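Chemist: I would like to see how this sequence folds:
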Amino acid sequence: MTTAYEREQGSLKPVIDLIPAAAYENPTWRGLSYFFRDLFFYALAITGLVLVANPWWDIPLELLAILSVTGLFVVAHDCAHGALFSTKRLNGVVGRIAMLPSWHVYEAWVLGHNRIHHAFTVRQGYDFVWHPSTPEEYRAKSLGGRLLHRIEWSWQGAGLYYFLEVWLKKMIVFKAPARWVRTIRRDRVLTLGFVLVATALLLVVSSSHHASAVSAAWLVTRVLVIPFAGFCVMIGAVVHVHHVQPDIRWWKKGEWTKFKGQMEGTTVLRVPRGVNFFFHWIMIHSPHHVDMRIPMYNLEMAATAIEAGYPDVVHDAPLRFRDFRRNTTHCKLYNFDEGKWLTYREALAPRAS
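Modeler: Coordinates of the predicted model:
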């Protein structure tokens, strides 16, 4: 039973108490099976892109590469939370390897995702993932800044938003806090080394076939760049539907609580059968925010328990593309005083005198 103090403080303890102990079980063999399975399909897709010259195979192979990169990223994401394995060392080793195909810096992800996004979900001025601009902030932007905002906050621009606002600014070029500098620098070197070594190997393969410079560049693009770009599009859309829709409110600092952020600011979206083969239940997002220690394959179990206790709080719905488009149409700017999402027309309409 929730106490008066817990209700006042917005505590997650009553929610966590509903989660069965079995939801935290994470046998090593199971985590490794997902990791090696995704790694196999990634290697299969890359090998096909290198060896198969038939352009009719490019699209299915690129799609397999993008999906397997996404699957590996979700595995790494679980490792970064310490959820997939019981030891920090194994989580660190598998997590770093699994993040390489998506060009992500493991310790930078831990800092930004675990310590900021999860700690302050939908809190103004803290959570940087799809943080909305106010009408005043939008008006203050340059013409180029407004244009970029309109692109990034459209359904077509979700991948660009993720690339610029999350991957580039929060992982590659940002200045890390002093205590994180050494570990983030090490993982940046690891990620850059992966990209450079993979590029060099592909150029060697091209030169062995006496390919032109254009052909060599195209091979690098097919094998490395397109899977990365496709992943950005995929993950950008995924993160958007996790936290942005007309009914999800963002909160000012003094109004925000953990309960509001992790229960009311997240979603459970049901995907068609087979999608979780690569998505690994990432769309069952609310229980993941309630307790990051739950491994991905137990999120449905946790969601069932949480929804039984809070049926009117958890947003549980099918994942539909038309809902994603609707969200990107209605959720452009935000009025923090009224707790309301606005379209550009609503936000920029002349004010009544």
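
Chemist: pretty sure residue 139 contacts residue 348?
Modeler: Yes - counting by C-beta atoms under 8 Å, residue 139 touches residue 348, with 7.5 Å between them. Placement of C-beta: from N, CA and C, glycine included.

Chemist: shared neighbours of these two, which are they?
Modeler: Residues touching both residue 139 and residue 348 by C-beta atoms under 8 Å, 6 or more residues apart in numbering: none at all.

Chemist: Could you tell me how far stretch 91-100 lies from the centre of the chain?
Modeler: Computed by C-alpha atoms, centre = their mean, to the nearest Å, the separation of stretch 91-100 from the middle of its chain amounts to 16 Å.

Chemist: All the strands of the protein, residue numbers only.
Modeler: Under the criterion DSSP state E, the chain contains strands at 267-270, 315-318, 333-335, 340-342.

Chemist: which one of those strands lies closest to residue 157?
Modeler: strand 333-335 (15.1 Å; C-beta to C-beta).

Chemist: Show me what that closest one packs onto, helices and strands only.
Modeler: Identification of packing neighbours for strand 333-335 by 3 or more C-beta pairs under 8 Å, 6 or more residues apart in numbering; DSSP states H and E yields helix 135-139, strand 340-342, helix 344-348.

Chemist: okay if I get the ones you listed as TSV plus distance to residue 72?
Modeler: Written out in TSV, the entries for the helices and strands packed on strand 333-335 read as follows (distance: least, C-beta to C-beta, whole Å):
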stretch	distance to residue 72
helix 135-139	36
strand 340-342	33
helix 344-348	37
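
Chemist: Can you tell me, leaving aside adjacent residues, what's nearest to residue 288?
Modeler: residue 299 (5.9 Å; C-beta to C-beta, 6 or more residues apart in numbering).

Chemist: related to what we said a few turns ago, quick check: which of the helices and strands packed on strand 333-335 is nearest to residue 76?
Modeler: So among those, strand 340-342 is nearest, using C-beta to C-beta, at 31.4 Å.

Chemist: partner strands of the closest one, parallel or antiparallel?
Modeler: strand 333-335 (antiparallel) (DSSP bridges).

Chemist: From the chain's centroid, how far away is the strand it pairs with?
Modeler: How far strand 333-335 lies from its chain's middle: 22 Å, per C-alpha atoms, centre = their mean.

Chemist: For residue 232, give its distance to residue 102.
Modeler: For residue 232, the distance to residue 102 (C-beta to C-beta, to the nearest Å) stands at 8 Å.

Chemist: before we move on, what about residue 124?
Modeler: Distance from residue 124 to residue 102, by C-beta to C-beta: 29 Å.

Chemist: Settle it for me: which of the two has more neighbours?
Modeler: residue 102 (23 against 18; other C-beta atoms under 10 Å).

Chemist: So what's the residue count around residue 36?
Modeler: Residue 36 - counted by other C-beta under 10 Å - has 11 other residues nearby.

Chemist: Before we move on, what's the pLDDT of it?
Modeler: At residue 36, the pLDDT value in this model is 98.

Chemist: if we can go back for a sec, reformat the strands of the chain as CSV; add mean pLDDT.
Modeler: Output for those, formatted as CSV (pLDDT from 0 to 100):
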stretch, mean pLDDT
strand 267-270, 96
strand 315-318, 95
strand 333-335, 97
strand 340-342, 96
